[in-house]
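Engineer: quick one: sequence plus predicted model below, questions after.
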Amino acid sequence: MWFKLENETEDDLPMSETITFTIPLEEPDECEDYAEQCRNIVQVQVSEKTNGMWRRVPNASNHMVNLILSREGTIGLATALLRTAHQPTPSPIFLEMLPSSPGHAVERFGVFMHPDSCRLNIGLHDFGDIHTTLDAQNDSTGAAG
């Protein structure tokens, strides 16, 4: 599946299924189509290796994750994410990306990982809408709503 930028022509693309996106360069004032149902959710988890096992850090509010991309890396990752989002595949999907090392630079999900990177897992999961997710979080923590 290929995505066409507005300045590309059909001749620039392979003869396969094409989806055309029009993405304004500036964020519009009104809600965009993809966000109308409040299902555009990202969950960031922090894990640490303890005794050879990866464990999720339970209270990651004292941690920070930095995702630093080159311009081309942003385009590559965004394109790979759009392709994956439009595939008829079951949820959840997980992809592991490892840092590059001399003699071992592998492009995955449209990008090469910088050698100073940590391992990155990208998962696609249907959380439902943000309201349902927040209600479930309140129920599990006993927080008053």
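Structural biologist: Everything's here; your move.
Engineer: secondary structure element holding the residue lying closest to G110 once chain neighbours are set aside?
Structural biologist: Closest residue to G110 apart from its sequence neighbours, by C-beta to C-beta, 6 or more residues apart in numbering: G76 at 3.1 Å. Bear in mind the C-beta positions are built from the backbone N, C-alpha and C, glycine included. Take DSSP states H and E as the rule and G76 turns out to sit in helix 71-85.
Engineer: what is the mean pLDDT for that helix?
Structural biologist: Averaged over helix 71-85, pLDDT sits at 89.
Engineer: that helix: how far from the chain's middle?
Structural biologist: Put simply, helix 71-85 sits 9 Å off its chain's centre (C-alpha atoms, centre = their mean, to the nearest Å).
Engineer: for it, which positions count as buried?
Structural biologist: 73, 76-77, 79-80, 84 (16 or more other C-beta atoms under 10 Å).
Engineer: which among those gets closest to G123?
Structural biologist: T84 (10.6 Å; C-beta to C-beta).
Engineer: just checking, the closest one touches I93?
Structural biologist: Yes: using C-beta atoms under 8 Å, T84 makes contact with I93 at a distance of 6.8 Å.
Engineer: can you list residues touching both of these two?
Structural biologist: Common neighbours of T84 and I93 are listed as L124 (criterion: C-beta atoms under 8 Å, 6 or more residues apart in numbering).
Engineer: gap between the residue lying closest to H131 once chain neighbours are set aside and D129?
Structural biologist: Once flanking residues are discounted, H131 sits nearest to C38: 6.5 Å by C-beta to C-beta, 6+ apart. To D129, C38 is 5 Å away according to C-beta to C-beta, to the nearest Å.
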